[in-house]
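S.K.: Need coordinates for the following:
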Amino acid sequence: MSALLGILLSLPACRKPQVEASGARPIQAAAVQDPAWFGEGIDWSPRLGLDFAWAAEGLDVRGKSVELAPWTVVAGGPPRHRESVVQILQRQAVEGVALAQEMQVPAGNPPAYRLEGRILSLDRRTRVGAKAGQVAYNTLLVPVDATLILLAIASGGGGMEKGMIMPMEDVPGYRTEVLYQVRLQDLATGRPVLAIQSWARFDSLHVPRTLRGVIFTLAGGSQNPLEFETSESLVEEGGDQLWWAPGLDLTGAWIRCLNWKGEDLWGEATEAQERQGLLAIRMPDLLIGEREDARLLLSRDRGTLFLQAGYPLVRGKQCRVKLWDSETGQVLGRMVITSGRDGPELEKDWARRIRRHLAGRIPGAQAAPEG
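M.R.: Reported below is the predicted structural model:
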């Protein structure tokens, strides 16, 4: 298991960020702060919605090992909140790199790059004093998804009649504005190959996922997009939609499971959803499973066939899967997997269903047991 994967799996209990003492006020990102931290040879420009971003020409981390250094915090708010924000940004940076890597690097390979990050300013501000459920005159505040709704209640004759619903942009709670920097260093040369500085604004119902998408794009991931769209006719089977190449027989085939790709790397989420991140890393291991199964030869480090899936970053019930021949590029199968489960059981159910459908392409194989 690569050094990066080991760090990823330990992130829920990751180490506390290192804190450097500083009494400075929040920094305005009118210019790159402390450019010496990044190194020389960087041609800064606003890119992909960030204030400053740069990547070396032709950067491609596919199949290369990346080690993760602890983030530092130069200045920030309360320790508990600071650690939460650092962990969210670190997860986004790590998953962006993992998605661009596409596959797990074989164990024992020395790291080619080091991923580092730090927070220069973390400013937490009170936003709105109103609370969900509070009634003021004829107005009831009702939480709906990521907004509050103003429900104006017209009362007459002692009862409530029709109401008028209007969206309210601000929600009660806190807004956190974070100035952060990220760099990817080439360990062989000591020179930077990727550099980022930008602001991010968090609140409990709004976490931008821009950092993940930007790192994926700058690190070469966008050069090899995974196309799930198909003109083939999918057939319903067991509640899912499937298509297989005619006569496909997976007997004895080694299938290499690549990292799963988010279908929307640029969306938004809640803090709770962000803490559930790293599906790209977690799902292939769930799919491979711990029990020996001679019928399905699934692996993270070898295979003549490639299997990859896309998942909705905002929790959804469906994922899309593609199976292809790594030598010819020929698509051998597509699946749209739909689960009725929720929470952690959703991912396990995806894995069960995918394994069952793959086993169905082995003549004489029995259906994989549930559980």
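S.K.: Mind checking what secondary structure the residue nearest to E67 when sequence neighbours are not counted has?
M.R.: Residue nearest to E67 in three dimensions, not counting chain neighbours: P111, with 4.2 Å by C-beta to C-beta, 6 or more residues apart in numbering. C-beta: built from backbone N, CA, C; applies to glycine. Three-state assignment for P111 (DSSP: H, G, I helix; E, B strand; the rest coil): coil.
S.K.: Pull the number of nearby residues for P111.
M.R.: 16 (other C-beta atoms under 10 Å).
S.K.: go on, V331?
M.R.: Residues near V331, counting by other C-beta under 10 Å: 16.
S.K.: What backbone torsions are found at V331?
M.R.: phi -80, psi 130 (degrees, to the nearest 10).
S.K.: same thing with the one 10 residues further on?
M.R.: Backbone torsions of R341, given as degrees, to the nearest 10, read phi -80, psi 180.
S.K.: Surely it is in contact with A351?
M.R.: No - when contacts are counted by C-beta atoms under 8 Å, R341 is not listed as touching A351 (11.0 Å).
S.K.: neighbour count winner among the two?
M.R.: A351 (23 against 13).
S.K.: wait, is the more buried one part of a helix?
M.R.: Yes - counting by three-state DSSP, A351 is part of a helix.
S.K.: just to revisit the earlier point, quick one: the residue nearest to E67 from L184, how far?
M.R.: P111 sits 11 Å away from L184, going by C-beta to C-beta, to the nearest Å.
S.K.: quick one: R355 and G289 touch, right?
M.R.: Yes - counting by C-beta under 8 Å, G289 is a contact partner of R355 at 7.4 Å.
S.K.: list the residues that contact both of these two?
M.R.: Shared contacts of R355 and G289, defined by C-beta atoms under 8 Å, 6 or more residues apart in numbering, comprise L298.
S.K.: G190: what's it in contact with?
M.R.: G39.
S.K.: So for stretch 51-63, what gets flagged as buried?
M.R.: Residues of stretch 51-63 classed as buried by neighbour count (16 or more other C-beta atoms under 10 Å): 51-56, 59, 61.
S.K.: Quickly list what E237 is bridged to.
M.R.: D240 (DSSP bridges).
S.K.: Relative to V85, how far out is it?
M.R.: Taking C-beta to C-beta, one finds E237 at 44 Å from V85.
S.K.: Could you do F202 as well?
M.R.: For F202, the distance to V85 - C-beta to C-beta - is 6 Å.
S.K.: again with L346
M.R.: 26 Å.
S.K.: More neighbours: which of these two?
M.R.: Remark: of L346 and V85, V85 carries more neighbours, 24 against 17, as counted by other C-beta under 10 Å.
S.K.: Would you confirm that the more buried one contacts L179?
M.R.: No - V85 is not in contact with L179 according to C-beta under 8 Å; the separation is 11.3 Å.
S.K.: residues bridging contact with those two, i.e. touching both?
M.R.: Common neighbours of V85 and L179, using C-beta under 8 Å, 6+ apart, are 119, 122.
S.K.: Below-threshold pLDDT in the stretch 1-150 of the chain: ranges please.
M.R.: Applying pLDDT under 70 to the stretch 1-150 of the chain flags the ranges 1-29, 75-80, 106-107, 124-150.
S.K.: Okay, helices next: where are they in it?
M.R.: Using DSSP state H, counting those that start in this stretch, the helices found in the stretch 1-150 of the chain span residues 3-9, 79-101.
S.K.: highest average neighbour count across the ones you listed?
M.R.: Most buried of the helices of the stretch 1-150 of the chain by mean neighbour count (mean count of other C-beta atoms under 10 Å) is helix 79-101; its value is a mean of 22.
S.K.: quick one, helices of the stretch 201-350 of the chain?
M.R.: 210-218, 271-275, 279-288, 344-359.
S.K.: looking at those, which is closest to L250?
M.R.: For the helices of the stretch 201-350 of the chain, the distance to L250 is smallest for helix 344-359, at 6.3 Å, taking C-beta to C-beta.
S.K.: And that closest one, what does it pack against?
M.R.: strand 240-244, helix 279-288, strand 305-311, strand 318-325, strand 331-338 (3 or more C-beta pairs under 8 Å, 6 or more residues apart in numbering; DSSP states H and E).
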